[in-house]
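[1] Would you be able to build a 3D model of this:
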Amino acid sequence: MPQIIVTAAVKDVEEWLTFKAEMVPAMSAVASDGASYVAIDGSNQVASTWDVHDMDAFRAAQGSFSSELASAAERAGMIPSTVVVYIKK
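    Numbering: from 1, shown residues only. Down below sits the predicted model:
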C-alpha cells in the first residue's frame, strides 16, 4: 500500500490540529492511518502521513476535492496553493 506525506501551510497550526477528527473520515475513502506533524520552528507549516488504499482515487480526490474533503480542509485552515504530496519510494 503506498504511503504518502502531505505538507501545507495553514492559517493557524493549533486550529488545524483540532480538525484531525474531521480529516480522517473525510479521507477514509482513499486513505487511512493519518498522522499529523507540525514544524519544529513554530512556523505555520504542517504535514500528515497516510496509507493510500487506491492511488488513482487519491489523485482524483486531490484534483477535485469532494465537497466533504474541501469543506474539512477549509475549516482546518489549509492554504490550498501550498499543498505538496510526496510518495514513499
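[2] hey, let's count contacts and neighbours off CA atoms from now on
    Noted.
[3] Quick check: residue 83 vs residue 77, distance?
    For residue 83, the distance to residue 77 (CA to CA, to the nearest Å) stands at 12 Å.
[4] correction: residue 17
    Using CA to CA, residue 17 is found at 10 Å from residue 77.
[5] For the protein, just list every one of the helices.
    With DSSP state H as the criterion, the chain has helices at 13-18, 20-27, 55-63, 67-75.
[6] For residue 47, find the nearest of those helices.
    helix 13-18 (10.6 Å; CA to CA).
[7] Can you mark which positions in that closest one are buried?
    Neighbour-count burial for helix 13-18 flags 13, 16-17 (criterion: 16 or more other CA atoms under 10 Å).
[8] quick one: that helix to chain centroid distance?
    Distance, stretch centre to chain centre, for helix 13-18: 12 Å (CA atoms, centre = their mean, to the nearest Å).
[9] what's the answer for stretch 80-89, then?
    Centroid separation for stretch 80-89 versus its chain: 9 Å, with CA atoms, centre = their mean.
[10] Ok, stretch 16-28 next?
    Put simply, stretch 16-28 sits 8 Å off its chain's centre (CA atoms, centre = their mean).
[11] Check which residues of it are buried.
    16-17, 20, 22-27.
[12] can I get the residues you listed in JSON lines with pLDDT?
    Below are those laid out as JSON lines (pLDDT from 0 to 100):
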{"residue": "16", "pLDDT": "91"}
{"residue": "17", "pLDDT": "92"}
{"residue": "20", "pLDDT": "77"}
{"residue": "22", "pLDDT": "74"}
{"residue": "23", "pLDDT": "74"}
{"residue": "24", "pLDDT": "77"}
{"residue": "25", "pLDDT": "78"}
{"residue": "26", "pLDDT": "73"}
{"residue": "27", "pLDDT": "76"}
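[13] need these in TSV with distance to residue 42, can you?
    As requested, those are exported to TSV (distance: CA to CA, whole Å):
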residue	distance to residue 42
16	14
17	14
20	19
22	23
23	22
24	24
25	27
26	27
27	26
